[in-house]
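K.L.:
Sequence first, then the predicted structure:
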Amino acid sequence: MDPSGGCPHADNARLLARGAVAPVLLPGEVAGMAVLGHDALREFVSHPDVAKNALHFTALQAGAIPDGWPLKTFATVQGMTTADGADHRRLRSLVSRAFTTRRVEELRPRIEKLTSDLLDDLDRAAVAGDGVADLRTHFALPLPMGVICELLGVDAEYHDRLHHLSNQIVATDIGPERALAANREMVEVLGAVAAARRERPGDDLTSALIAAREENGDRLGPHELIGTLMLMIIAGHETTLNLITNAVRALCTHRDQLDLVTSGRASWADVVEETLRWDSPVSYFPFRYPTRDLMLDGTVIPKGTPVLAGYSAAGRDPGAHGPDADRFSLAREGSARHLSLGHGAHYCLGAPLARMEATTALAQLFARFPELNLAVPESELPRHASFVGNSVRRLPVRLHG
């Protein structure tokens, strides 16, 4: 895997042409595998003999993975993404109360108001920049970051730092010292957040998690609290940030598809689902481990191998989405069959919230700035320095044509 990331789609197509499962070399010469085909990935992520707990990661348990390995946090953080069975159900039940249909719907007025305010900020940034502004910085980032931090009770003073540290943690091209430093600082910042909520509890998820722990000490351990907050911060804003960014890029470079929406022949929900399929916010997500040698689509994945879930590849798998799978089309039949928000027991808890944020953001953005377009050729947009996140680092746009 190229640790510097970049656009994954050409490499995905080459790998898919050879099969749905591929051996890969992770940073640090660590042997792994990736599941890229849609049907194979759907089977793999819900297979009873596939685990998330790093106790099943053979190389890690053998001491062959150094502390500064850039992907180690994905394996060792204590939370829902690394738990199985009863532990996973316990942690998920504690968090799920913040993402019920009712609770998410209650957030709609706040999301609509925040979106409108951020569009004012974007307009001001464009005026200051001779008509050009970075949509990612001024709009796509602060919307989901503001919402998830409000849910968690995280004070505004921490938002920028948490985004920077999240970027460091999902990066795959940084060295051991920076990786360790980012993880240490993230733990320190989240420890401060937890301490503030312990001292001043509120109607937020962090306060609820602390109360659950203090009422019944075995419900949530101290490392699980920090791990859960880390997961919620990273997953709660990075993926939606990428989703909004990728959707705007797609619409700006496919004006005929944008016309379908503005003329009422397609919906903003269609845009979100097709973007999730066509340009998944997450390219390869670490890790799952077979608990025995596992045959998948004719390939053996050895027991204890770290396996990447190839969401961006599965989204353009011709076997699932037809010979034109690499085409962005809102008229596509069954685009909601994508796996970009997961599948099975680990399906994304925040999926309804992400969809609401993205549809609200896109609807208001193009209603206010119908002539919005990219300010530079798409080929010049700098890509993520990671094969985990899939997007660009900046999105300069011209708001008025």
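P.N.:
Arrived safely, thanks for sending.

K.L.:
Which positions in the worst-scoring helix or strand of the chain on mean pLDDT come out as buried?
P.N.:
The weakest-scoring helix or strand in the chain, judged by mean pLDDT, DSSP states H and E, is helix 205-215 (a mean of 79). Buried residues in helix 205-215, counting neighbours by 16 or more other Cβ atoms under 10 Å, are found at 205-210, 212-213. Backbone N, C-alpha and C define where each C-beta goes, glycine included.

K.L.:
Find the helix or strand that the residue nearest the centre of the chain is a member of.
P.N.:
For the chain, the residue nearest the mean C-alpha position is T239 (2.9 Å; Cα atoms, centre = their mean). In this assignment (DSSP states H and E), T239 forms part of helix 222-252.

K.L.:
Distance-wise, check P66 relative to R89.
P.N.:
Separation of P66 from R89 (Cβ to Cβ, to the nearest Å): 32 Å.

K.L.:
Sorry, slip of the keys, the one I care about is R198.
P.N.:
Distance, R198 to R89, using Cβ to Cβ: 26 Å.

K.L.:
Could you list every helix and strand in contact with the least confident helix or strand of the chain?
P.N.:
helix 85-96, helix 142-152, helix 176-199, helix 222-252 (3 or more Cβ pairs under 8 Å, 6 or more residues apart in numbering; DSSP states H and E).

K.L.:
What angle do helix 142-152 and the last one make with each other?
P.N.:
Okay, so that is helix 222-252. 150 degrees (axes from the mean of the first three to the mean of the last three Cα atoms, to 10 degrees).

K.L.:
Please apply the same query to the third one.
P.N.:
Counting by the same axes, to 10 degrees, helix 176-199 points 50 degrees away from the direction of helix 142-152.

K.L.:
Helix 176-199 - contacts with which helices or strands?
P.N.:
helix 72-76, helix 159-170, helix 205-215, helix 222-252.

K.L.:
Could you pull up the residues touching the nearest residue to G221 once chain neighbours are set aside?
P.N.:
In this structure, G221 finds its nearest non-sequential neighbour in Q78, 7.2 Å apart by Cβ to Cβ, 6 or more residues apart in numbering. Contact analysis of Q78 by Cβ atoms under 8 Å, 6 or more residues apart in numbering lists 221, 223-224, 226-227.

K.L.:
do you know how far Q78 is from E29?
P.N.:
27 Å.

K.L.:
Could you check how many residues crowd around S93?
P.N.:
Other residues near S93 number 11, with proximity taken as other Cβ atoms under 10 Å.

K.L.:
Could I get the pLDDT score of it?
P.N.:
Looking at S93, its pLDDT stands at 87.

K.L.:
Report how many residues lie close to V300.
P.N.:
13.

K.L.:
got the contact list for it?
P.N.:
293-294.

K.L.:
which stretch of helix or strand covers it?
P.N.:
strand 299-301.

K.L.:
who's in contact with the next helix or strand after that strand?
P.N.:
Counting by DSSP H and E, the next helix or strand C-terminal to strand 299-301 is strand 307-310. Residues from elsewhere that reach strand 307-310, judged by Cβ under 8 Å, 6+ apart: 1, 12, 24, 32-36, 41, 44-45, 50, 283-290, 301.

K.L.:
6 Å instead, please
P.N.:
33-36, 284-286, 288 (Cβ atoms under 6 Å, 6 or more residues apart in numbering).
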